[in-house]
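Below are the sequence and a predicted model for it; my questions follow.
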Amino acid sequence: MGPNTLILLALLPGILIVIYIYKKDTVEKEPWNLIFKLLVFGAISCVPASFMESFIDSAMPDYPEGSLPYALSMAFVSAAFCEELCKYLFLRFGAWRHPAFGYRFDAIVYGVAVAAGFAILENVLYVMQGGFYTALMRGVMAVPLHCFCGVFMGIFFGAAKQASVKGRSSAKYTLAALLVPMLIHGIYDTLAFLGNYIATIILLAFVLVLYIISIRAVRQYSRDDWMNGFYPEGEHFSGNGQDPLQEKLYREDEYGAGPSAGAGRRIHPGEEYGGYVILVCPKCRTGLRVPAGSGKVRVRCPRCGTEFDART
């Protein structure tokens, strides 16, 4: 089998998983340039992870290969810790402050993109050495494993972002975004490093369970995503998106004010109007409205993505 075919087989599983997750993002599609950036970040994260693993491996006790201490130390201390930590750091750097990050499911898209980028590069290296059989086995086992970890990292990464936006501590969610993927990855690698018949059977069952749980989680978060926005999304107040400070005057008949339509009353930024508070985006100067009575909130402009604090 030619090298071009092997490379295609190595790339295909990760790409297909990213496309599947992207299609499940039904509320607000993530920009492809961001997804591509996170795929690249995931691939780059292989480099520091590899250096960390080499350093840790050199400091490890010389356990017999195939023994339980060898499998546990290589799986949890070396592979799972280094790889999931590096993936998380690149995920945090690439997505945390991006203006498109506004829903819980967005974090799953980002987590899977970084994990798939890591898995794709790793897979190419293994497949070019091992051939078609390696491509087949890793395509249904190792690549999905990385993406399963990306799903759960994304679930807790999204919870951390949501807590942060609402002014609460995100520490426990950040810790879970690291530890849960490390646990999943560590169990998988422990069974793989043991390599005996019983461990292989358990490994296959473990991966099957991960398929079921991950697909169900993706479907649930996709279905409920419309309820899990981080911000009271600012709606355009003026029909043409003009700055209220520049329009000088809003006429109530333009905005469906009912009996007093046509009165020409001035509506100022910061004023409550029809159950909403009128705001101005500090960057693009778009007129916005958000529901009144929520107290201090974090608002995101739907036009430019700028986040700003407001009191409603």
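Ah, there it is.

Which residue ranges of this structure form strands?
Ranges of strands within the chain are 235-236, 272-273, 276-280, 287-291, 296-300, 307-311, based on DSSP state E.

do you know which of the ones you listed lies nearest A79?
Among the strands of the chain, strand 307-311 comes nearest to A79, with 36.7 Å by CB to CB. C-betas here are computed from N, CA, C, even on glycine.

Ignoring the adjacent residues along the chain, who's closest to E30?
Taking CB to CB, 6 or more residues apart in numbering, and ignoring the residues beside it in sequence, E30 has V109 as its nearest neighbour in space, at 5.1 Å.

number of nearby residues for the one you found?
Residues lying near V109 (other CB atoms under 10 Å) number 27.

quick one: contacts for it?
The neighbours of V109, taking CB atoms under 8 Å, 6 or more residues apart in numbering as the test, are 21-22, 25, 30, 35, 154.

Please repeat the previous calculation with a cut-off of 6 Å.
21, 25, 30 (CB atoms under 6 Å, 6 or more residues apart in numbering).

For the strands of the chain, give me JSON lines that also has distance to V40 and mean pLDDT.
As requested, the strands of the chain are exported to JSON lines (distance: least, CB to CB, whole Å; pLDDT from 0 to 100):
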{"stretch": "strand 235-236", "distance to V40": "34", "mean pLDDT": "46"}
{"stretch": "strand 272-273", "distance to V40": "45", "mean pLDDT": "70"}
{"stretch": "strand 276-280", "distance to V40": "36", "mean pLDDT": "77"}
{"stretch": "strand 287-291", "distance to V40": "34", "mean pLDDT": "75"}
{"stretch": "strand 296-300", "distance to V40": "26", "mean pLDDT": "75"}
{"stretch": "strand 307-311", "distance to V40": "25", "mean pLDDT": "77"}
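
How far off centre is stretch 283-291?
27 Å (CA atoms, centre = their mean, to the nearest Å).

residue ranges for the helices of the stretch 151-300 of the chain, please.
Counting by DSSP state H, counting those that start in this stretch, the stretch 151-300 of the chain forms helices over residues 171-194, 197-223, 244-247, given from the N-terminal end onward.

Out of those helices, which one sits most buried?
helix 171-194 (a mean of 19; mean count of other CB atoms under 10 Å).

So for that helix, mean pLDDT?
Taken as a whole, helix 171-194 carries a mean pLDDT of 97.

Next, the angle from that helix to helix 197-223.
Helix 171-194 runs at 150 degrees relative to helix 197-223, counting by axes from the mean of the first three to the mean of the last three CA atoms, to 10 degrees.

How many neighbouring residues does P69 have?
11.

Please name the nearest non-neighbouring residue to it.
In space, P69 comes closest to Y63 once its chain neighbours are excluded; the distance is 4.5 Å by CB to CB, 6+ apart.

what residue is smack in the middle of the chain?
When the chain is reduced to its mean C-alpha position, the nearest residue by CA atoms, centre = their mean turns out to be A107, at 2.4 Å.

Format the strands of the chain as TSV; extra columns: mean neighbour count and distance to P99.
Compiled in TSV, the strands of the chain are given as follows (neighbours: other CB atoms under 10 Å; distance: least, CB to CB, whole Å):
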stretch	mean neighbour count	distance to P99
strand 235-236	14	16
strand 272-273	15	26
strand 276-280	22	17
strand 287-291	21	15
strand 296-300	17	7
strand 307-311	14	7
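
possible to save those as CSV with distance to T190?
As requested, the strands of the chain are arranged in CSV below (distance: least, CB to CB, whole Å):
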stretch, distance to T190
strand 235-236, 51
strand 272-273, 59
strand 276-280, 53
strand 287-291, 50
strand 296-300, 42
strand 307-311, 42
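
Of all these, which one is nearest K87?
Using CB to CB, these put strand 307-311 closest to K87, at 25.2 Å.
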